[in-house]
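Undergrad: give me the fold of what follows.
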Amino acid sequence: MEGIPQNVTEAVRVAAQAARGYPGDLADIHRRARRRRNRQAAVSAAAVVAVLAGVVAGVAIQRRPGPSAGAGVLPPAGRAEPGISPSARISSGPGAEPPGQHLLLQAAAGDYRGSGGTTVRLGGETAVGELLPDGTLIGHPVVGARNWERVVVLPSGGVVAFGSHDTQPGTKRKDGPNVSGLEYRLVGTDPDGRVRIQRNVRKKGESVMLLTAREDVAYLWRPAGLFMHSMATGHEELIAGGSAFGLGQVFGNLRLTDMSGGWVAVSRMRDECVPRVYDITGADLVTEIPLTGCIAVTDMRLSPDSRTLAVAYDRDTGAGLRPVVALIRVTDGKVLKERELADVTGKTSLMVSIAWPDSRTLRGAVYPVGAAGVSEVTGFTVTID
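TA: Residues are numbered from 1 along each chain as shown. Got it, this is the predicted structure:
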C-alpha cells in the first residue's frame, strides 16, 4: 500500500468501512481501533480490489458545501412483544410525516470545528459528531461499548448505538469468527447520555449490523436477513430474508442501506449505482433507480415520509469525476432536484454525508477524513420546490 497516495488509501478505507458487515474476530476489532487512533488507511488487498474501481477518487473532493450523514430515525411505536408479527408494527410506504433525521459525522476522526467555532474531538472510541441546523458541531460521547460503529439519534434526544467490545483486552486467545471475549453491543442512552440499555447481540460465527432504530425497536441486519429487535426484551423476529432484497448473502453484498416507514433502500456492492427500494411488509421491489454516469455512491437516505430518495454519488463527466447530490421521487424515478459539487481533486480526502430534517429539505456536510490539525465541517441545504 506504500505506493498508493494518502488520499486514495483514505478513500478506500472510508468506502470499506461503510460497506463492511462487522466480521466477528478480535483481529478485525483491533485493526479498526488502530486505524482510528492513527487515522491511517489500512485495508486488505481484497478490500482494495473490491472498491478501487468505483471509489478511489470518489471520496476526495474540493472543500466546499456538500451533503452530510445522519442515522435513520423512525417514528415511535408500540412495544414489540414476542409473538407479534413485525409487519403489524410497520407501515407500508409513504404516510404521515415522521420525525426528521439527525446529521451525523460517523466517519469523522480527529479535531473538527463547525461554523459555531467550537472545536470537538470526534472518533468511534470518543464521540460521534452531529452538525446542528445552525452549524454548531456537537459530540455524542461513546458509552456502553469501546466504540460505536453505527448511531441513531432518537426524537427524544437519546441514542441507540451499535459497536464492538472486547471484554478481555490483553488476553491471548485463538482468533477467528468464534473468538471468545468479543461482544457486539446494542446501547441505548437517555437524552442526558446515561446508559439505559447495554446488550450483547452477537451470535458466534455471525456478522450483525444496525440499520436503524426507534425508541422501542432496533432493526438489525444478520446473515438471514432483516430482524426487528425489541429494546425492552431483546426478542427478535425476522422481517424479511436477505434474498428478498436481492442480496443473496447480506454481508459482503450490502454497500449502503437506509429505512423509513415500511420501505428499505439498498445499494448492493455489485451494482451500487442502481439503488433499489423495497416494501418490507411484502418484501416487494418498489423501484430501482439507475444513476446517470455514476461511478460510486457515497451516501443514500430515504426521506422521513419515504417519498424521496436522496443519493450522494460521483459522476463521470468524461473530463473527470463530479460529486452529485440527487433527490429522486421513489414512485417514478424522477429527479426532483440535483446539485453538482466541486471536482474530485485535491490532496485532502473529504467525506460526503446527507440527512433529511423534514421530507422537503436535505441537509449535508463535507468534512475531511484523516487530516492533521483542526478540520472544518461545511454544511449545505437542498430544498424540494
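Undergrad: going by C-alpha atoms from here, please, whenever you check contacts or count neighbours.
TA: Noted.
Undergrad: now the element after the least confident helix or strand in the chain by mean pLDDT, going C-ward?
TA: Ranking every helix and strand in the chain by mean pLDDT, DSSP states H and E puts helix 45-55 at the bottom, with a mean of 30. As assigned by DSSP states H and E, the chain's next helix or strand after helix 45-55 is strand 104-105.
Undergrad: just after that next one, pick out the following helix or strand.
TA: Where DSSP H and E defines the elements, the next helix or strand beyond strand 104-105 is strand 110-113.
Undergrad: hmm, who's touching that next one?
TA: Applying Cα atoms under 8 Å, 6 or more residues apart in numbering, the set of residues contacting strand 110-113 from outside is 39, 119-123, 137, 370-377.
Undergrad: now do 6 Å
TA: Residues from elsewhere that reach strand 110-113 (Cα atoms under 6 Å, 6 or more residues apart in numbering): T119, V120, R121, L122, V374, S375, E376, V377.
Undergrad: cool, and stretch 376-385?
TA: Under Cα under 6 Å, 6+ apart, the answer for stretch 376-385 is 65-66, 112-114, 360-367.
Undergrad: check stretch 187-199 too.
TA: For stretch 187-199, using Cα under 6 Å, 6+ apart, the contacting residues are G157, G158, V159, V160, A161, R185, L186.
Undergrad: distance from that stretch to the middle of the chain?
TA: 20 Å (Cα atoms, centre = their mean, to the nearest Å).
Undergrad: quick one: average confidence on that stretch?
TA: Averaging pLDDT along stretch 187-199 yields 96.
Undergrad: could I get the buried residue list for it?
TA: Of all the residues in stretch 187-199, those buried under the rule 16 or more other Cα atoms under 10 Å are V187, G188, T189, V195, Q198, R199.
Undergrad: among the residues you listed, which ones are in helices?
TA: Within those, no residue falls in helices by DSSP state H.
Undergrad: in those residues, find the pair that's most separated.
TA: By the measure Cα to Cα, T189 and R199 form the most distant pair in those, at 12.0 Å.
Undergrad: give me the contacts around stretch 147-154.
TA: For stretch 147-154, the surrounding residues in contact (Cα under 6 Å, 6+ apart) are A71, G124, E125, V159, V160, A161, F162, G163.
Undergrad: could you give the mean pLDDT of that stretch?
TA: Stretch 147-154 comes out at a mean pLDDT of 94.
Undergrad: how far off centre is it?
TA: Relative to the mean C-alpha coordinate of its chain, stretch 147-154 is positioned 9 Å out (Cα atoms, centre = their mean).
Undergrad: make TSV from the contacts of stretch 187-199 and add secondary structure and neighbour count to it.
TA: Listed next are the contacts of stretch 187-199 as TSV, based on DSSP: H, G, I helix; E, B strand; the rest coil; neighbours: other Cα atoms under 10 Å:
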residue	secondary structure	neighbour count
G157	coil	12
G158	coil	20
V159	strand	25
V160	strand	29
A161	strand	27
R185	strand	23
L186	strand	27
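Undergrad: among these, which one sits closest to F227?
TA: Closest approach to F227 among these (Cα to Cα): L186, at 13.7 Å.
Undergrad: for that closest one, which residues make a bridge with it?
TA: F162, R199 (DSSP bridges).
Undergrad: hang on, it packs against H165?
TA: No. Judged on Cα atoms under 6 Å, L186 makes no contact with H165 at a distance of 10.3 Å.
Undergrad: quick revisit: buried ones among the contacts of stretch 376-385?
TA: For the contacts of stretch 376-385, a burial check counting by 16+ other Cα under 10 Å picks out 65-66, 112-114, 360-367.
Undergrad: of all the residues you listed, which two lie farthest apart?
TA: Y112 and R360 (28.2 Å).
Undergrad: okay, and for this structure, where does confidence drop off?
TA: The chain contains residues with pLDDT under 70 at 1-97, 283, 342-348.
Undergrad: quick one: the helices in it?
TA: Going by DSSP H, the chain shows helices at 6-19, 26-38, 45-55.
Undergrad: got the contacts of stretch 147-154 as JSON lines, with distance to C273 columns?
TA: Formatted as JSON lines, those follow (distance: Cα to Cα, whole Å):
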{"residue": "A71", "distance to C273": "21"}
{"residue": "G124", "distance to C273": "28"}
{"residue": "E125", "distance to C273": "32"}
{"residue": "V159", "distance to C273": "31"}
{"residue": "V160", "distance to C273": "29"}
{"residue": "A161", "distance to C273": "28"}
{"residue": "F162", "distance to C273": "27"}
{"residue": "G163", "distance to C273": "28"}
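Undergrad: check these and tell me the two furthest apart.
TA: Between any two of the contacts of stretch 147-154 (Cα to Cα), the greatest distance is 17.6 Å, for A71 and E125.
Undergrad: neighbour count: these two, which is higher?
TA: Legend: neighbour count by other Cα atoms under 10 Å for A71 and E125, higher for A71 (28 against 19).
Undergrad: got the end-to-end distance for stretch 121-140?
TA: 10 Å (Cα to Cα, to the nearest Å).
Undergrad: same question, stretch 360-380
TA: Taking Cα to Cα, stretch 360-380 runs 14 Å from one end to the other.
Undergrad: where's it relative to the chain centroid, distance-wise?
TA: With Cα atoms, centre = their mean, you get 15 Å for stretch 360-380.
Undergrad: cool, and stretch 243-259?
TA: Relative to its parent chain, stretch 243-259 has a centroid offset of 13 Å by Cα atoms, centre = their mean.
Undergrad: cool, stretch 292-310 as well?
TA: Chain-centre distance of stretch 292-310: 12 Å, with Cα atoms, centre = their mean.
Undergrad: what's the end-to-end length of it?
TA: Note: stretch 292-310 ends 14 Å apart using Cα to Cα.
Undergrad: quick one: R121 and R214, what's the gap?
TA: Per Cα to Cα, R121 is found 27 Å from R214.
Undergrad: which one of those two is surrounded by more residues?
TA: Applying other Cα under 10 Å to R121 and R214 shows that R214 carries more neighbours, namely 22 against 18.
Undergrad: right, I'll call it a day here.
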